[in-house]
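Novice: Got a sequence here, can you model it:
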Amino acid sequence: MSETVHRIQLKDKEIILIGTAHVSKNSAEEVKQVIEEEKPDFVAIELCNSRYQSMQDQDRWKKTDIAKVIKDKKSFLLLANLILSSYQKRMAKQIGIQAGQEMLQAIESARATGAQLVLADRDIQVTFARIWGNLGFWGKAKLFFSLVLSIFSDEKITEEELDKMKSGDMLTSALSELSKSFPQLKETLIDERDKYLAQKIKDAPGKKIVAVVGAGHVPGLKEAIKEDQDLAALSKIPPKKKTGKIIGWTISIAIISLIVATVIVNRDAGLDQILSWILWNGSLSALGTLAAFGHPLSILTAFVVAPISSLNPLLAAGWFAGLVEAMIRKPHVSDFENLSEDVNSFKGFWRNRVTRILLVVVLANVGSTIGTFIGGADVVRIFIKSFWG
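Specialist: Numbering: from 1, shown residues only. Next up, the predicted model:
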């Protein structure tokens, strides 16, 4: 057994745990060797059903309904998923292998040895939903800009560094740094999935099980597997917090009330408030759309809708701008075919029609949000000046 392979005995069940680096050649080779030598009853892999289907169906992107993604309010989740996968693919490209090769090898080796396959990971959409639901407004903004900045990264990583990651040292260090900025991210992305993976592996009915997971999960998984875990609780999507809507409606009512009060006292000052609100909201939302290289009509849509949507927490300027972008510049089959390659570069992200639509949605909303704060502050300033100036 190497330092990346661990044997765990649970009553009459033997679990052979392989900690891998997701883009390492050595990991894929080790997975193949262990499964062929051990000939387990079951092979558990760190994939959920949706990710497994994606790996099996290389044409999945062609079936994506981008308009439905926008209407279901999943634009950011899809964009974040693409950015995170692009980082892994950049590393894989440097090493010269396909990202997730060790999981593909585990699937192939399981079939070759007659072992049953267990998809042991929690659904990726549940994980993203739990991450997003546990982040406040500023946490979401910080996470978004961190993800966008990662597109500019040209970080190089060597095979030797990947081997160090397999031992857990570099990966644990990286996760510790990440948890300082996003403690909820590490808890949801790593700790909760350690528990989920552990229970799914334990639940496999075979006597001998080989489990293939990322090296970062190994320490937590070895601890979590000692106790029974509640899969239902770990799969629950937290309800949307009412605080955000309350704050949103409070701001909207306050802005409208201040403008009405100002108009009653000083009509010209009230018109200045309305103009300021429209210009700040509309201009910054349009600027966000422009930054995404949106179509002129998408930019105009963002400008027109943002001042209105900012007064209604149930609406968002980016949804309208994104839908207009999707109608005018409907993605071609080639955009979906090239998606996996385009997400590996900054230029590709903005050139591909799929990711450009997602960027229009997100950046138009970011601009509108900033415009709400600045425009709202100016409304308050004019109100105070009108009454006490």
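Novice: residue ranges with poor pLDDT in the stretch 201-350 of the chain?
Specialist: Counting by pLDDT under 70, the stretch 201-350 of the chain shows low-confidence ranges at 333, 337, 340, 343-344.
Novice: One more pass at 90, please.
Specialist: 205-206, 214-217, 237-249, 251, 265, 313-315, 330-350 (pLDDT under 90).
Novice: where along it do the helices fall?
Specialist: Remark: helices assigned in the stretch 201-350 of the chain by DSSP state H, counting those that start in this stretch are 218-224, 231-235, 242-265, 267-291, 296-309, 317-328, 333-337, 339-342, 346-351.
Novice: Just name the most buried of the ones you listed.
Specialist: The highest mean neighbour count among these, using mean count of other Cβ atoms under 10 Å, belongs to helix 317-328: a mean of 25. No exception for glycine: its C-beta is placed from N, CA and C like everyone else's.
Novice: What ranges does this structure have for its strands?
Specialist: Under the criterion DSSP state E, strands of the chain are mapped to 5-10, 13-20, 42-45, 116-119, 208-214.
Novice: could the ones you listed go into CSV alongside mean neighbour count and distance to His295?
Specialist: Shown next, in CSV, are those (neighbours: other Cβ atoms under 10 Å; distance: least, Cβ to Cβ, whole Å):
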stretch, mean neighbour count, distance to His295
strand 5-10, 14, 53
strand 13-20, 23, 43
strand 42-45, 27, 42
strand 116-119, 17, 40
strand 208-214, 26, 40
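Novice: What's the separation between Ile259 and Ser285?
Specialist: 19 Å (Cβ to Cβ, to the nearest Å).
Novice: send the alpha carbons of stretch 234-245 over as CSV?
Specialist: Extracted in CSV, the C-alpha atoms of stretch 234-245 (Å, rounded to 0.1, in the frame of the first residue of the first chain):
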residue,chain,number,x,y,z
LEU,A,234,-26.9,16.7,4.2
SER,A,235,-29.0,16.8,1.1
LYS,A,236,-31.4,19.4,2.3
ILE,A,237,-31.4,22.7,0.4
PRO,A,238,-31.7,25.6,2.9
PRO,A,239,-34.8,27.7,2.5
LYS,A,240,-34.2,31.1,1.0
LYS,A,241,-33.7,33.7,3.8
LYS,A,242,-36.5,36.2,4.1
THR,A,243,-34.0,38.8,5.4
GLY,A,244,-32.9,39.7,1.9
LYS,A,245,-36.4,40.2,0.6
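Novice: Quick one: residues in contact with that stretch.
Specialist: Contacts to stretch 234-245, defined as Cβ atoms under 8 Å, 6 or more residues apart in numbering, come from residues 122-123, 126, 129-130, 133-134, 137, 192, 195-196, 313.
Novice: Let's see if you can find the most crowded of those residues.
Specialist: Tyr196 (25 neighbours; other Cβ atoms under 10 Å).
Novice: longest helix anywhere in the chain?
Specialist: Longest helix of the chain, by residue count under DSSP state H: helix 353-388.
Novice: Show me how far that one is from its chain's centre.
Specialist: Remark: helix 353-388 is offset 24 Å from the chain centroid, using Cα atoms, centre = their mean, to the nearest Å.
Novice: follow-up on the earlier one: quick check: which of the contacts of stretch 234-245 has the minimum pLDDT.
Specialist: On pLDDT alone, Phe137 ranks lowest of those, at 66.
Novice: quick check: domain ranges of the chain?
Specialist: Per automatic domain parsing, the structural domains of the chain span 5-235, 242-388.
Novice: Tell me what angle the longest helix of the chain forms with helix 267-291.
Specialist: Orientation of helix 353-388 against helix 267-291 (axes from the mean of the first three to the mean of the last three Cα atoms, to 10 degrees) gives an angle of 160 degrees.
Novice: just the angle between helix 353-388 and helix 242-265, please?
Specialist: Orientation of helix 353-388 against helix 242-265 (the same axes, to 10 degrees) gives an angle of 50 degrees.
Novice: Now do helix 353-388 against helix 296-309, angle only.
Specialist: 40 degrees.
Novice: Restrict stretch 16-31 to CA atoms and write it as CSV.
Specialist: Provided in CSV are the C-alpha atoms of stretch 16-31 (Å, rounded to 0.1, in the frame of the first residue of the first chain):
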residue,chain,number,x,y,z
ILE,A,16,-9.8,0.4,0.4
LEU,A,17,-9.6,4.1,0.2
ILE,A,18,-7.6,5.7,-2.7
GLY,A,19,-6.8,9.5,-2.3
THR,A,20,-6.2,11.0,-5.7
ALA,A,21,-5.2,14.3,-7.3
HIS,A,22,-7.9,14.9,-9.8
VAL,A,23,-5.5,15.7,-12.6
SER,A,24,-2.5,13.4,-11.9
LYS,A,25,-1.3,10.7,-14.3
ASN,A,26,-0.1,8.7,-11.3
SER,A,27,-3.5,8.8,-9.7
ALA,A,28,-5.2,7.2,-12.7
GLU,A,29,-2.5,4.5,-12.9
GLU,A,30,-2.8,3.8,-9.2
VAL,A,31,-6.6,3.4,-9.4
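Novice: From the chain's centroid, how far away is that stretch?
Specialist: 24 Å.
Novice: as a whole number, average confidence for that stretch?
Specialist: Rounded mean pLDDT across stretch 16-31 is 81.
Novice: same thing with stretch 79-93?
Specialist: 63.
Novice: cool, stretch 382-389 as well?
Specialist: 84.
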